[in-house]
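Participant: Give me coordinates for this.
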Amino acid sequence: MRILIVLLSAIKALAQGGDGGWLTDPEYIVAENGPCNIEREDAGSLTQDQFESRYAYTVPVILTNFDNSRFRELTARETILAEWGDKEVHLNSANTYSYRRVPTTFATYINDYLKPQSLDKLGNETLYLFGDIDQKVWKPLLKQYIQPPWKVPGHTSALSFGIAGAGTGVPFHFHGPGFAEVIYGRKRWFLYPYDERPEFNPDNTTLEWFLHDYPKLVGDLKPFECVLQPGEVIYFPDRWWHATLNCETSIFISTFLSP
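Facilitator: Here you go, the predicted structure:
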């Protein structure tokens, strides 16, 4: 019976297309082309010792060929709406400090809030879903996600699942180390070491910063950056400034590490 369910889920995902049904009008796709100055490592060959010595405490890295095909099937648009549409979620404001929290249902978010970023809105006026879900309620879905196997000694992990529209993102902020994977869509990351604080308005959107401030950056003022594709995972060390910009409608999941 379980094999039949898995096959049906896979067939449904294929029917929804390679984008899982998360369509983006081409006119709203942003920042899809750009430099990548972050090292890439094949997930199948990077050992724990190599991860600790090269990246865990020093610089970000992108891990490629990471397989979360089962989780990808379960988060295709029709599949996840059918299973989780009536579950409560909390939306956060997309500014540095995420002041606002708005309760709603998952289906209401997808149908009414999930839209491309408007330049007429500030970050503190833009709502999207990035992690504020009841971990117990959503456990059956989250437990299907295969977490990155590399460890930062003395840290434990917590998952944060999100979906966001084209042009949305979180402005520069920092916290502990973590991994973030793109399941559908593409997401552009910008990062700086803690002691190289970028200039930004914490209430503006990342899109505003990208369009007006980013083009002026030269030399050492340019960030570490890259566009993550589906199946790629970025790792960022403790207290690295980072901002995200969803090039198109994106489904993503982060593994936050805490002491």
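Participant: mind listing the helices for the stretch 151-259 of the chain?
Facilitator: 206-212 (DSSP state H, counting those that start in this stretch).
Participant: Can I get stretch 248-259 as PDB, trimmed to CA atoms?
Facilitator: Provided in PDB are the C-alpha atoms of stretch 248-259 (Å, rounded to 0.1, in the frame of the first residue of the first chain):
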ATOM      1  CA  GLU A 248      10.800  33.300  -8.700                       C
ATOM      2  CA  THR A 249       8.200  31.600  -6.600                       C
ATOM      3  CA  SER A 250      10.400  29.400  -4.300                       C
ATOM      4  CA  ILE A 251       9.900  26.600  -1.800                       C
ATOM      5  CA  PHE A 252      12.800  26.300   0.600                       C
ATOM      6  CA  ILE A 253      13.800  24.800   3.900                       C
ATOM      7  CA  SER A 254      16.500  25.800   6.400                       C
ATOM      8  CA  THR A 255      18.300  23.900   9.100                       C
ATOM      9  CA  PHE A 256      19.200  26.300  11.800                       C
ATOM     10  CA  LEU A 257      22.000  25.300  14.200                       C
ATOM     11  CA  SER A 258      22.000  26.400  17.800                       C
ATOM     12  CA  PRO A 259      24.500  25.800  20.700                       C
END
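Participant: I'd like the average pLDDT over it.
Facilitator: Averaged over stretch 248-259, pLDDT sits at 96.
Participant: That stretch: which residues count as buried?
Facilitator: 248, 249, 250, 251, 252, 253, 254, 255, 256, 257 (16 or more other CB atoms under 10 Å). Heads up, the C-betas are built off the backbone N, CA and C, glycines and all.
Participant: Could you dump the residues you listed into TSV with distance to residue 241 added?
Facilitator: Rendered in TSV, the data for the buried residues of stretch 248-259 read as follows (distance: CB to CB, whole Å):
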residue	distance to residue 241
248	24
249	25
250	21
251	24
252	19
253	21
254	16
255	19
256	16
257	17
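Participant: show me where this protein has strands.
Facilitator: 40-42, 61-64, 88-93, 101-105, 127-130, 156-164, 178-184, 187-192, 224-228, 233-236, 241-246, 250-258 (DSSP state E).
Participant: out of those strands, nearest to residue 20?
Facilitator: Minimum separation from residue 20 across the strands of the chain (CB to CB) falls at strand 178-184, 4.9 Å.
Participant: low-confidence ranges in the stretch 101-250 of the chain?
Facilitator: For the stretch 101-250 of the chain, applying pLDDT under 70 flags the ranges 123, 132.
Participant: give me that answer again for 80
Facilitator: 120-126, 131-133 (pLDDT under 80).
Participant: Dump the C-alpha coordinates for stretch 30-42 into PDB.
Facilitator: Only the C-alpha atoms of stretch 30-42 are listed here, as PDB (Å, rounded to 0.1, in the frame of the first residue of the first chain):
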ATOM      1  CA  VAL A  30      14.300  38.800 -11.100                       C
ATOM      2  CA  ALA A  31      18.000  38.500 -10.400                       C
ATOM      3  CA  GLU A  32      18.200  35.200 -12.100                       C
ATOM      4  CA  ASN A  33      21.700  35.800 -13.600                       C
ATOM      5  CA  GLY A  34      24.700  36.900 -11.600                       C
ATOM      6  CA  PRO A  35      28.100  36.000 -10.400                       C
ATOM      7  CA  CYS A  36      28.800  33.100  -8.000                       C
ATOM      8  CA  ASN A  37      31.900  33.600  -5.900                       C
ATOM      9  CA  ILE A  38      31.100  30.900  -3.300                       C
ATOM     10  CA  GLU A  39      32.800  27.500  -3.500                       C
ATOM     11  CA  ARG A  40      30.700  24.500  -4.500                       C
ATOM     12  CA  GLU A  41      31.200  21.000  -3.200                       C
ATOM     13  CA  ASP A  42      29.600  17.800  -4.200                       C
END
